[in-house]
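# I need the structure of the sequence given here:
(2 chains)
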Amino acid sequence: MLQSKIFSKTLREDPKDEVSTNAKLLERGGFIYKTMAGVYDFLPLGWRVLNKINNIIREEMNAVGGQEIFLTAMQPRERWEKTGRWKLLGEEVMYQFKDRFGHEVGLASTHEEAVTEIATRFIQSYKDLPLAVYQIQTKYRSESRAKSGLIRGREFLMKDLYSFHATTEDLDRYYKLVDESYLKIFKRCGLKTFVTEASGGVFSKDFSHEYQVLSDAGEDKIIFCSQCGFAQNKEISSLDEGGDCSKCGNKLKVGKSIEVGNIFKLGTKFSDAFGLYYTDKEGGKKPVIMASYGIGPGRLMGTIVEIHSDEDGILWPEEVSPFKIHLIALGDKAKNEAENLYKDLLAENIEVLYDNRGDKTPGEKFSDADLLGIPWRVVVSEKTMEKKGVELKKRDEKQAKIITIQELLKIK
RNA sequence: CGGGCCGUAGUAUACUGGUAGUACAUCUGCUUUGGGAGCAGAUAGACUGGGUUCGAUUCCCAGCGGCCCGACCA
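Take a look at the predicted model:
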């Protein structure tokens, strides 16, 4: 991609109406644009990052047998009446309105109702189980207070996986599988998460589990053991800071954290409401046992910025970076050389953002490179041409080195 | 939803009861090219509505919008 043509521009100053690191850096870098509080547009760079994250999630969801689907945001009131949540969620987070024919519709803030209703058509026998479906889809929530950029919005992307089981044993087996899958996802996104015990809600006396990333930008508080990884949400925990970890004896700490994902056993709440039953081997009729598993890709993106940034800008972990290489041409004399290198990199299928802007000074290009946070910076200039190579610098290192173009093309 | 702070060019900021200045960005020309470059010129701005006033961007009220704290968070 040519930086001179990109549908965004970097800003020199922090936007005055943002305080959180992720919002400031993502807006300054031109990754996102704010349409209203808690509602952000994704511009080319941001959309690339978001899709990198989504694809990591897809790979891991497919690996645990998830089938990707895409459900509607707009849904009729009647569906939500089955669980009594039309009123409940309407009073809290759900956008509801009448269309011009007077039909009452709502924008889904979650999809248990939808997926359970659909499942009643396709799950009838124990032979249809287990089953897992997921989507990456836009959710709407009328949050009383949007905050912290991408961390808490009113329109946001969510990956939601729903699993259906004949027995609690099978649900437990799959729950564990998804837990491992989630840890892979967050690791690939460059995040260290604490699997945190949290309230299971009114329908389960088990814990649910949240994936928490320690960060001052977070709105949750967890008590955790940095040695063995045990963690509980402070909302439900009776443990105290400085106490001993019951698992390993280490001292417990308390910290603010961002919830980037959660997994939750639903039991038969939705199956009962929609009449989702299956016939077992003996011919008996039984409710399907369900669980749901969420990850917010946009929130994940914001969290990555909170964790991986310095005073100059973002440091994208390689797997989610919008590009692998940021190629910078300095000066007219280096233009042809840089142009050729750009083509060579493209031919090798290396993702490269090429700063071909002719009217920017070196300082501005370097500052932009630091802000955008692409892991590898490659400079072509008169100086590097004299040395018969190009300059390579990692975003998280101070020192640059000169390497040959042949070496560069092999870095993949 | 309660409380606080705040709305001035694309961005960030000044000053002002007599219609607004600076920097960056943008455009033109020339120069320049290793950490936000120089000269000359150009374009561009008071959230909305009401009130006070001869006159309001400025003062007052309301609305709308943004951020922060708190409550809430399927």
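# can you tell me the element residue A:35 falls in?
strand A:32-36 (DSSP states H and E).
# neighbouring contacts of the next helix or strand after that strand?
Going down the chain from strand A:32-36, the next helix or strand is strand A:39-42, by DSSP H and E. Contacts to strand A:39-42, defined as Cβ atoms under 8 Å, 6 or more residues apart in numbering, come from residues A:31-35, A:50, A:146, A:149-150, A:153-155, A:298. Using the backbone N, CA and C atoms, a C-beta is placed for each residue, glycine as well.
# list the strands paired with strand A:39-42, with their directions.
strand A:32-36 (antiparallel) (DSSP bridges).
# mind listing residues that contact the partner strand?
With Cβ under 8 Å, 6+ apart, strand A:32-36 has contacts from A:8, A:15, A:17-18, A:23, A:26-27, A:40-43, A:46, A:150, A:154.
# those, buried ones only, as a PyMOL selection?
Of the contacts of strand A:32-36, the buried ones go into a single PyMOL selection, burial set by 16 or more other Cβ atoms under 10 Å:
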select buried, chain A and resi 8+18+23+26+27+40+42+43+46+150+154
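# within reach of RNA strand B, which of the contacts of strand A:32-36 are there?
A:15, A:17-18 (Cβ under 7 Å from any atom of the strand).
# can you redo the contacts of strand A:39-42 as CSV with pLDDT?
CSV is the format used below for the contacts of strand A:39-42 (pLDDT from 0 to 100):
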residue, pLDDT
A:31, 96
A:32, 96
A:33, 94
A:34, 93
A:35, 93
A:50, 97
A:146, 93
A:149, 95
A:150, 96
A:153, 95
A:154, 95
A:155, 96
A:298, 96
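# for these, which one is nearest RNA strand B?
For the contacts of strand A:39-42, the residue nearest RNA strand B by Cβ to the nearest atom of the strand is residue A:146; the value is 5.6 Å.
# can I assume that closest one is in contact with residue A:153?
Yes: under the criterion of Cβ atoms under 8 Å, residue A:146 is in contact with residue A:153, at a separation of 5.6 Å.
# looking at these two, which has the bigger crowd around it?
Between residue A:146 and residue A:153, residue A:153 has the larger neighbour count (other Cβ atoms under 10 Å), namely 24 against 19.
# for RNA strand B, what's its nearest residue on the stretch 201-350 of chain A.
residue A:331 (3.2 Å).
# wait, I meant the stretch 301-412 of chain A
Taking Cβ to the nearest atom of the strand, the stretch 301-412 of chain A has residue A:363 as its residue nearest RNA strand B, at 2.4 Å.
# mind pulling up the pLDDT for that residue?
Residue A:363 carries a pLDDT score of 93 in this model.
# repeat for the one 10 residues further on
Among the per-residue scores, residue A:373 holds a pLDDT of 97.
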